[in-house]
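Student: Pasting a predicted model and its sequence here:
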Amino acid sequence: MIMVFDYYHRLSSRQKQIYRQSDRVESIELPKPAVMRDSIDALPAALERNDRTTVQRLCAEIVKGITQQLRAPLVRITVMAARPSNNWGELHGLYEPAEGRKRAHITVWMRTAKRRQIVAFRTFLRTVLHELCHHLDYEYFRFHDSFHTEGFYKRESSLFYALTGRAPNPEQRELKL
């Protein structure tokens, strides 16, 4: 039996099928995650310096490294300054699927909306990987939609742990409810 989020019950039968398919995929295995280690290691300092150009370059290297290792289509990434917000909250990241000849695109923000503080490294990297997982759902796994399933969050975590070399903490629940 799968754990489902509340919105599952509002999905069409086709969407429920995709949701269940997504939920069954719990990890993404990278053949050589260490290839991106220099970019990962340089990212915290670039964030702390508020060096958007370097952060964007490092994120592009990470995203390109992952997609190349998986032989998935490339995706563009743009790093912006402060997150947009309104009455629904702050937007952390945005994935826009490929349309026609246009390449898929990820946008992430490196500062919070209200206080304009630099986002913590772990949170920022997880946001990049979250948006990349949407891309991989469409382009690597060939799902017809990308839902926030338990499997989706486990895939995001598997990439994070592979890239950072940090082992998951079994006491800490990674699932975002």
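Tutor: Noted; the coordinates are in hand.
Student: for the protein, what spans make up the strands?
Tutor: 76-82, 85-86, 89-90, 93-96, 105-111 (DSSP state E).
Student: Now tell me which helix or strand of the chain has the poorest mean pLDDT.
Tutor: Lowest mean confidence among the helices and strands of the chain (mean pLDDT, DSSP states H and E): strand 85-86, at a mean of 74.
Student: how close does the residue nearest to the spatial centre of the chain sit to His148?
Tutor: Taking Cα atoms, centre = their mean, the centroid of the chain lies closest to His130, which sits 1.8 Å from it. His130 is 9 Å from His148, where distance means Cβ to Cβ, to the nearest Å. For the C-beta atoms, the positions are set from N, CA and C on the backbone; glycine is no exception.
Student: Quick one: residues contacting Ser146.
Tutor: By Cβ atoms under 8 Å, 6 or more residues apart in numbering, the contact set of Ser146 is 22, 95, 133-134, 137-138, 152.
Student: same thing with Arg14?
Tutor: Going by Cβ under 8 Å, 6+ apart, Arg14 touches His144.
Student: and what of the one 4 residues further on?
Tutor: With Cβ under 8 Å, 6+ apart as the criterion, the residues that contact Ile18 are 143-145, 147.
Student: I'd like those residues laid out as TSV, including pLDDT and distance to Arg111.
Tutor: Formatted as TSV, these follow (pLDDT from 0 to 100; distance: Cβ to Cβ, whole Å):
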residue	pLDDT	distance to Arg111
Phe143	97	32
His144	95	34
Asp145	96	30
Phe147	96	28
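Student: Now the two most distant members of those.
Tutor: His144 and Phe147 (10.4 Å; Cβ to Cβ).
Student: So if I had to pick from the two, which one is more boxed in?
Tutor: Taking other Cβ atoms under 10 Å, His144 and Phe147 do not tie; Phe147 has more neighbours (22 against 11).
Student: hang on, that one packs against Gln21?
Tutor: No. Phe147 is not in contact with Gln21 according to Cβ atoms under 8 Å; the separation is 9.5 Å.
Student: show me the contacts for the residue lying closest to Tyr19 once chain neighbours are set aside.
Tutor: Sequence neighbours aside, Phe147 is the residue nearest to Tyr19 in space, at 4.9 Å (criterion: Cβ to Cβ, 6 or more residues apart in numbering). Residues in contact with Phe147 (Cβ under 8 Å, 6+ apart) are 11, 15, 18-19, 22.
Student: at 7 Å instead, please
Tutor: By Cβ atoms under 7 Å, 6 or more residues apart in numbering, Phe147 lies in contact with 18-19, 22.
Student: buried residues in stretch 104-118?
Tutor: 104-113, 118 (16 or more other Cβ atoms under 10 Å).
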